[in-house]
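K.L.:
Show me the folded form of this:
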Amino acid sequence: MAEKTEKPQVSGKTAPPAARKRGRPPGSKSAPPDPGAAQPIGPESVTRRGRPRKPHIELDPSAIARQVKGLHGFVAMLTGLKELNLSDAEAEELAKASVNFSREFGYEPNPKLLAGLELAGVAGVIYVPRALLIIARIQEMKAKRAAAQPIEGTATPVQPENNGHSSVN
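P.N.:
Purely as a prediction, here's the structure:
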């Protein structure tokens, strides 16, 4: 095997510049904090990478109660079951329980999702009853037309007008 030998440096010459290393330069973002500086306490003390945290959303129990009551009223109207309707007190209690549940388990709904659900609920409350009335009116009109037109093959035969007398001139 060939043994590697290093060339001795000549005293008057300088060494060639070192090649750049791969990766982040030492001391850039990953350097430890200054030990003498005051350190924040809590989740802010951890350096986070990636997206910033979303702001905390405060849930409004009265808005949730309106949505819950509207949804139950909508389902009650579609199914014809009046028992599904909620009173104001029941809707408020259900909304408060939902808000407490989300706080306890750290669930924060997406504000875009909440806005979309609210829009769909309001549009449903406005347009679904109208659509049902239009559908009922169309069915009623079809039923009237069907009753007014005789069905072929079931008509009674027409009697001649001359009552058996021939009128030949």
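K.L.:
Show the residue spans covered by the helices in this structure.
P.N.:
For the chain, the helices defined by DSSP state H cover 61-79, 88-104, 111-148.
K.L.:
pLDDT averaged over the last one, what's the number?
P.N.:
Helix 111-148 shows a mean pLDDT of 88 in the predicted model.
K.L.:
One more: stretch 69-79?
P.N.:
Across stretch 69-79, pLDDT averages out at 85.
K.L.:
and that stretch, which residues are buried?
P.N.:
Residues of stretch 69-79 classed as buried by neighbour count (16 or more other C-beta atoms under 10 Å): K69, G70, L71, H72, G73, F74, M77. To be clear about C-beta, it is placed using only N, CA and C from the backbone, and glycine gets the same treatment.
K.L.:
For R24, state which of those residues is nearest.
P.N.:
Of all the buried residues of stretch 69-79, R24 sits closest to L71, with 52.5 Å by C-beta to C-beta.
K.L.:
Is the closest one in contact with G121, as I believe?
P.N.:
Yes: the criterion here is C-beta atoms under 8 Å, and L71 meets it with G121 at 6.2 Å.
K.L.:
Which residue is the nearest non-sequential neighbour of K69?
P.N.:
A91 (3.9 Å; C-beta to C-beta, 6 or more residues apart in numbering).
K.L.:
what's the answer for A76, then?
P.N.:
Closest to A76 by C-beta to C-beta, 6+ apart is L84, at 3.8 Å.
K.L.:
ok, now how distant is that neighbour from S102?
P.N.:
Going from L84 to S102 by C-beta to C-beta, to the nearest Å gives 24 Å.
K.L.:
still on that earlier bit, and for the residue nearest to A76, the neighbour number?
P.N.:
The tally of other residues near L84 (other C-beta atoms under 10 Å) stands at 15.
K.L.:
Then R145?
P.N.:
Around R145 there are 9 other residues, counting by other C-beta under 10 Å.
K.L.:
Kindly report the same for A19.
P.N.:
A19: 6 neighbours (other C-beta under 10 Å).
K.L.:
do the one 4 residues further on as well
P.N.:
Other residues lying near G23 total 7 when counted by other C-beta under 10 Å.
K.L.:
Tell me who's in contact with it.
P.N.:
Listed by C-beta atoms under 8 Å, 6 or more residues apart in numbering, the contact set of G23 is empty.
K.L.:
quick one: it from K82, how far?
P.N.:
The value you get for G23 to K82, if C-beta to C-beta is used, is 70 Å.
K.L.:
likewise L94?
P.N.:
Here the criterion is C-beta to C-beta. By it, L94 lies 18 Å from K82.
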